[in-house]
Structures are given as structure tokens and as C-alpha cells.
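Engineer: Sequence first, predicted coordinates after that:
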2 protein chains.
Amino acid sequence: MENINVGVIGLGAMGRGMAASLRRAGYALHVCDVREEAARGFAAEGGTACADPGDLGSRCDVVVSVVVNAAQTEAVLFGEKGAAAAMKPGSLFVMCSTVDPGWSVALERRLAERGLLYLDAPISGGAAKAASGQMTMMTAGTPAAYAKAGGILDAMAAKVYKLGDQAGNGSKVKIINQLLAGVHIAAAAEAMALGLREGVDAEALYEVITHSAGNSWMFENRMAHVLAADYTPLSAVDIFVKDLGLVLDTARATKFPLPLSATAHQMFMQASSAGFGQQDDSAVIKIFPGITLPEAKA
Amino acid sequence: MENINVGVIGLGAMGRGMAASLRRAGYALHVCDVREEAARGFAAEGGTACADPGDLGSRCDVVVSVVVNAAQTEAVLFGEKGAAAAMKPGSLFVMCSTVDPGWSVALERRLAERGLLYLDAPISGGAAKAASGQMTMMTAGTPAAYAKAGGILDAMAAKVYKLGDQAGNGSKVKIINQLLAGVHIAAAAEAMALGLREGVDAEALYEVITHSAGNSWMFENRMAHVLAADYTPLSAVDIFVKDLGLVLDTARATKFPLPLSATAHQMFMQASSAGFGQQDDSAVIKIFPGITLPEAKA
């Protein structure tokens, strides 16, 4: 594996863990981040810190992009010192952000015009699973793109779903997951808020629901934050303002109605406007008036 | 246990299983149902079929009511040949239906005026778990009511949550569970509908979501019905028209907003008006136009 040069652009909570997984697997690793010190700090334990995406792209056979959204991906590829112009023909760009599926489809075409391969490969699972190589990837791309990726995807993820032989379905399944995740967080908040309004003990409600048919992955995970009064943002309210926005934009393109997604989106925007945009997404419960939320234990 | 006479009123999917559990546990069992042949058929394998709730009430120390709603419970207790007038002072009425919590609180008081004990004890888990004694009960009531129930609750349920020392919290937690269950079924339908609209393979979408953070108990359970095109009603669309209605009525009593519950309620009513009220609740997906649902496999 040592002669395959792999680059990771974006060393946030997810990218840092994915880069560490690739380094553990023995790939010749290159990293870069807009915060240069983040790249240098990471490379101090192995790998090469690159100055910019262009520098990284010129050195790598496979470039894995783990930035926040489509706009940052555009900058990484086509901005000043971008990767696209520097990458060798036949090399591969792996796009791990949550984006409009139509944009991802178009990106495959734009990179093909430059002789570059593309994988539509959004990720899921959170920072802890990224660090341990246990996250999930939802991927789609050409057979040539998968062949170029080789064992790199499995080195980063416990489960690599292959959803189609061209870009699009990876991003589509990812935003459908975000639709459910967003609605479930808002529904969990609504249910807990009603319980508090009705004088039900919050801990008892949590215990019953997590053992009943009303449970969801998000209820179990996020309402634990509410019970602990810990709104430290593992994932922030504004992420769901963005992601449910992408869901609604995708459906609007074919005039398809999504009543619950639209309602949940309004709830996250209400929370953001009220000043909670940078808090944990469970802070959407703060839009409900007339209740007293649990306080942090002394 | 043989000298404790226990009655079960209502031998539907849940009541039949609960009565069978009590019979297995060795209680002197009495049953009745508006369909007299249902009671006679059940008693053919053990127990006593009673002609009406009054007849059953006069014979039993504990009466377990497993009818559809508050109106049927009123009829069972206070209608012609009702149980309330027939039950001996100090005996116990166990109310297992999903009802307005305020009505349940009032019922405790009305029965106390007649010298009768009361448990607010909605159930959850479905017919299979009821039959095997593995269902859940969400209960609240006075210490005297629990003392009178003795081991009867544990004979019917794997998990008996005790949520308060007077009626109310059992029904409150039950309707909060129904809030989540209803929103999750509608959200599952919305997500699957978007996937079909976008051309994603339905089986692949199910596989990814059930292994991701977007999963819920209801997505996993009900979308299997959609994939199999099996809308046989294990629980019908009209049950959620009723139950989300109870949720909204409860919140409206204190002018509390529930945006997602209100939206999901509209979706179930749209499905019911379109003619799907008696189909499985997953048929709420049929409100989405412009998609082709999976067909039953040959």
C-alpha cells in the first residue's frame, strides 16, 4: 500500500478520524486544512502536511474531501490553489460531504471532463466512529472509480454501501437519512416537551420510550443530552437548518411535497433565530414555551 | 392464586393474549366480549365466559378492561349491564386503553366514589408480545390499587412501569409514545416516498437506514410492510387518526403547540379520507402522489 498516495482535505471531527484510519492502514498519507496548524499537528504523528489542496492534489492518487458542504468542496477543487487543476489524470476524488444530489451528479461530469474519477460518498456515524474506522459510507460511482479506490474505503468505514454505478444515489440516501434524523430530533424534542408540560418525570419518560415502539436512534441519543442539560454541540442546530434545507430543495426540484420535513425545518430555524444555532441540535427543544427544562446536575 | 377471580373484558388482539397469560399463570379467569362467541371460544380452553360486563364484574376481584377507547370503557363500566354497579367494594378496575389522560384522572375519582380501586394502565407491544406475556404496561395508581393487583400485572407484562401514585401518568406516557410512533410512521413514509421519487432502490434504502442514525423502531417495522406491499392492518391508519387526535387534544387543553404531531395527524386524516383508513398504518405512504410503490412479489 505504501506506493498509493492518499490525501485527506479537511481535518474536522470526521476528517481527522478518517485520516488516522488511513494512516493506521499503512497508506502514504497527505493532509491539508484551512487551519495550517491542524495539518502540521496531525502530520507530526505521521504523514505529510500540505500547504493547500493544489499541493496535496499534485501528490496523491486518491483525494478524500471531508469539508462541510458543496461550497467548501467547490473551493477545495476549483478555488485558488484548488485540487482539480493539480490532480493527475486518472486519479480519484472522493466527496464525503452532505450535498444536493444534483450537484454531486454534475460534479462527476465536471471532473470527468478533466480526466478525473469521482465517488459520491457521504459519511455517517459521528466523530467517535470515524476515529475507530467504524463509520458508514453511502457511495455511488463508476466501476473505474471503485477500482481506483481499492481498499481505501474499507480502511475508513466499517460499512461501505454501494448504491449505484454513477454519482447521485450516495448523496440521495444520505439526505434521506438526514430527513429522518432531523424529523426524529425535532419529534423527540416535541415529545419530551409535552411530557414536561404535563408534569411527567423526564427520566421516567426516557426510560419508558427507549424501551417502547416510540423509540428512535435520535430520541435515545439526543434526549440524553437534554436530561443532562448538556448542549455542547456534537452536531449543531444550524447543521439541520442546512441539511433539511437540502432535503427540501431536492424535493422541490420535482415539486414533491414533504410536510414533516418542512415543519421540522421551521422548528430548527426558529431555534436558530432564537440564538441557539451553535448549540447541540437537541436545543431545538428550547423553542417550546411554558416548560422548565432539566438543569445540569451539581 | 386460585381464589383470586380475575376478569378480562375485550378479547381483541391484545386482550386475548393477556387473558391467555393470566390463565397460564393459574388465576381463576373470567372473560367477556361483545362478540359472545369469542368469549365462549376462549373459555373452551379454560376459564368462564360471562354474558356481559355486569355478570363478569360481580364475580371478580380484579377486572382488566382491554377495549378500544374511552367511549367503550364508559359503556363497559356504566352502560346497560355495566361492570361498575356490579363490582364489590374494594375490587379493582384496570384500564388498558389509550385515552385522554384527563379522562383517566376523572375515572379514578368516579370509581372511588363507588368504593372501587382503579389503575391507569395503558399497554404497548402488539399482539404477539401480549400473547407471550412480553408486552409493556405504563401504569399509575394508588398504593391500595397496586396492592390489590398483586402479581396480576407481572403475569401479563414483561415490564410494568410504575409512573405515579395516582391515575394520569400512565395515560400521559402512553400518548407521548403514540405521538412518537405516529410521527415516526409518517416520517418513514415521507422518507421512503422521497427515495422512490428520486429513483433510489427501496430495498437498498431500507438496508442503509436501518443501520444508520435515521432509524426508528417504526421505520424498521412498518417500511417492511411497504416493501412487501402488505397493507394488512396489524394497526390501522384510523388508529393514528384517533391517537394523534388524543395527543393534540391533551396539549390543546393547556394551549401547548405540537407542530409535528399536527402535521402527522393531517397526513393520517388525508390517508383516511382517501379510503385507506382500515389499511395498515404504513398506508399513509399512499398520500404521496407521483411515485410507484413496491408491488407484492409473485
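Structural biologist: Structure's in. What do you need?

Engineer: so which strand or helix has residue A:256?
Structural biologist: Under the criterion DSSP states H and E, no helix or strand holds residue A:256.

Engineer: That one against residue B:190, yeah?
Structural biologist: No. Using CB atoms under 8 Å, residue A:256 is not in contact with residue B:190; the gap is 9.8 Å. For the C-beta atoms, the positions are set from N, CA and C on the backbone; glycine is no exception.

Engineer: Could you tell me which residues touch both of those two?
Structural biologist: Shared contacts of residue A:256 and residue B:190 (CB atoms under 8 Å, 6 or more residues apart in numbering or on different chains): residue B:288.

Engineer: Packing partners of the host helix or strand of residue A:246?
Structural biologist: Residue A:246 is part of helix A:237-252 when elements are defined by DSSP H and E. If you count contacts as 3 or more CB pairs under 8 Å, 6 or more residues apart in numbering or on different chains; DSSP states H and E, helix A:237-252 packs onto helix A:169-197, helix A:259-271, helix B:169-197.

Engineer: mind redoing it with 6 Å?
Structural biologist: Under the contact criterion of 3 or more CB pairs under 6 Å, 6 or more residues apart in numbering or on different chains; DSSP states H and E, helix A:237-252 touches helix A:169-197, helix A:259-271.

Engineer: in the stretch 51-200 of chain A, what residue is nearest chain B?
Structural biologist: Residue of the stretch 51-200 of chain A nearest chain B, by CB to the nearest CB: residue A:180 (3.3 Å).

Engineer: Neighbours of that residue, how many?
Structural biologist: As a burial measure, residue A:180 scores 28 neighbours (other CB atoms under 10 Å in any protein chain shown).

Engineer: residues contacting the nearest residue to it once chain neighbours are set aside?
Structural biologist: Leaving aside its sequence neighbours, residue A:180 sits nearest to residue B:214 (CB to CB, 6 or more residues apart in numbering or on different chains; 3.3 Å). Contacts for residue B:214 were tallied using CB atoms under 6 Å, 6 or more residues apart in numbering or on different chains; they are A:177, A:180-181.

Engineer: CA atoms only for the lowest-mean-pLDDT helix or strand in chain A, dumped as PDB, please.
Structural biologist: In chain A, the helix or strand scored least confidently by mean pLDDT, DSSP states H and E is helix A:127-131, which has a mean of 90. C-alpha atoms of helix A:127-131 as PDB (Å, rounded to 0.1, in the frame of the first residue of the first chain):
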ATOM      1  CA  ALA A 127     -16.600  11.500  15.300                       C
ATOM      2  CA  ALA A 128     -16.100   8.600  17.600                       C
ATOM      3  CA  LYS A 129     -16.900   6.000  14.800                       C
ATOM      4  CA  ALA A 130     -14.800   8.000  12.300                       C
ATOM      5  CA  ALA A 131     -11.800   7.700  14.700                       C
END
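
Engineer: Tell me, what's the model's pLDDT at the residue sitting furthest away from the middle of chain A?
Structural biologist: Relative to the centre of chain A, and counting by CA atoms, centre = their mean, the farthest-placed residue is residue A:199 at 36.4 Å. Looking at residue A:199, its pLDDT stands at 96.

Engineer: Quick one: classify it as helix, strand or coil.
Structural biologist: Recorded secondary structure, residue A:199: coil (DSSP: H, G, I helix; E, B strand; the rest coil).

Engineer: Tell me the spacing between it and residue B:172.
Structural biologist: In this view, residue A:199 and residue B:172 are 8 Å apart by CB to CB, to the nearest Å.

Engineer: do residue A:88 as well
Structural biologist: For residue A:88, the distance to residue B:172 - CB to CB - is 64 Å.

Engineer: More neighbours: which of these two?
Structural biologist: Neighbour count, other CB under 10 Å: between residue A:88 and residue B:172, residue B:172 has more, with 28 against 12.

Engineer: The more buried one and residue B:101 touch, don't they?
Structural biologist: Yes. Between residue B:172 and residue B:101 there is a contact under CB atoms under 6 Å: 4.6 Å.

Engineer: can you list the weak-confidence ranges in chain A?
Structural biologist: Scanning chain A for pLDDT under 70 picks out A:1-2, A:298.

Engineer: which parts of it sit against chain B?
Structural biologist: A:124, A:161, A:163, A:169, A:172-173, A:176-177, A:179-181, A:183, A:186-187, A:190-191, A:194-195, A:197-198, A:200, A:204-205, A:208, A:212-217, A:251, A:256, A:258-260, A:263 (CB under 6 Å from any CB of the partner chain).

Engineer: Residue A:159 belongs to a strand?
Structural biologist: Yes. Secondary structure assignment places residue A:159 in a strand (three-state DSSP).

Engineer: For residue A:219, see how far away the closest residue to residue A:243 other than its chain neighbours is.
Structural biologist: Spatial nearest neighbour of residue A:243, excluding adjacent residues (CB to CB, 6+ apart): residue A:178 at 4.2 Å. According to CB to CB, residue A:178 stands 16 Å off from residue A:219.

Engineer: Now do the phi/psi pair for residue A:48.
Structural biologist: phi -120, psi 130 (degrees, to the nearest 10).

Engineer: The residue lying closest to it once chain neighbours are set aside bridge partners, please.
Structural biologist: In this structure, residue A:48 finds its nearest non-sequential neighbour in residue A:30, 4.7 Å apart by CB to CB, 6+ apart. Going by DSSP bridges, residue A:30 is paired in beta bridges with residue A:7, residue A:48.

Engineer: which ones are touching residue A:30?
Structural biologist: A:7, A:48, A:50, A:56, A:59-60.

Engineer: again, only using 10 Å
Structural biologist: A:5-9, A:19, A:22, A:39, A:43, A:47-50, A:55-60, A:63 (CB atoms under 10 Å, 6 or more residues apart in numbering or on different chains).

Engineer: Also residue A:207?
Structural biologist: Listed by CB under 10 Å, 6+ apart, the contact set of residue A:207 reads A:201, B:159, B:161, B:163, B:173.

Engineer: any idea how far residue B:243 is from it?
Structural biologist: For residue A:207, the distance to residue B:243 - CB to CB - is 21 Å.

Engineer: try residue A:219
Structural biologist: Taking CB to CB, one finds residue A:219 at 18 Å from residue B:243.

Engineer: which residues does the closest residue to residue A:204 other than its chain neighbours contact?
Structural biologist: Leaving aside its chain neighbours, residue A:204 sits nearest to residue B:163 (5.8 Å; criterion: CB to CB, 6+ apart). When contacts are counted by CB under 10 Å, 6+ apart, residue B:163 touches A:200-201, A:204-205, A:207-208, B:120-121, B:138-141, B:169-174.

Engineer: For the closest residue in space to residue A:141 that isn't next to it in sequence, what are phi and psi?
Structural biologist: Among residues not flanking residue A:141 along the chain, residue A:119 sits closest, at 4.1 Å (CB to CB, 6+ apart). Here is the backbone geometry of residue A:119 (degrees, to the nearest 10): phi -120, psi 130.

Engineer: does residue A:119 have beta-bridge partners, and which?
Structural biologist: Beta bridges link residue A:119 to residue A:94, residue A:141, judged by DSSP bridges.

Engineer: wait, doesn't it sit right on residue A:91?
Structural biologist: No. Using CB atoms under 10 Å, residue A:119 makes no contact with residue A:91, being 11.8 Å away.

Engineer: what about the two, which has more around it?
Structural biologist: Each of residue A:119 and residue A:91 has its neighbours counted (other CB under 10 Å); residue A:119 has more, 27 against 21.

Engineer: picking up where we left off before, list the buried residues in the helix holding residue A:246.
Structural biologist: Neighbour-count burial for helix A:237-252 flags A:237-248, A:250-251 (criterion: 16 or more other CB atoms under 10 Å in any protein chain shown).

Engineer: Sweet, I'm off.
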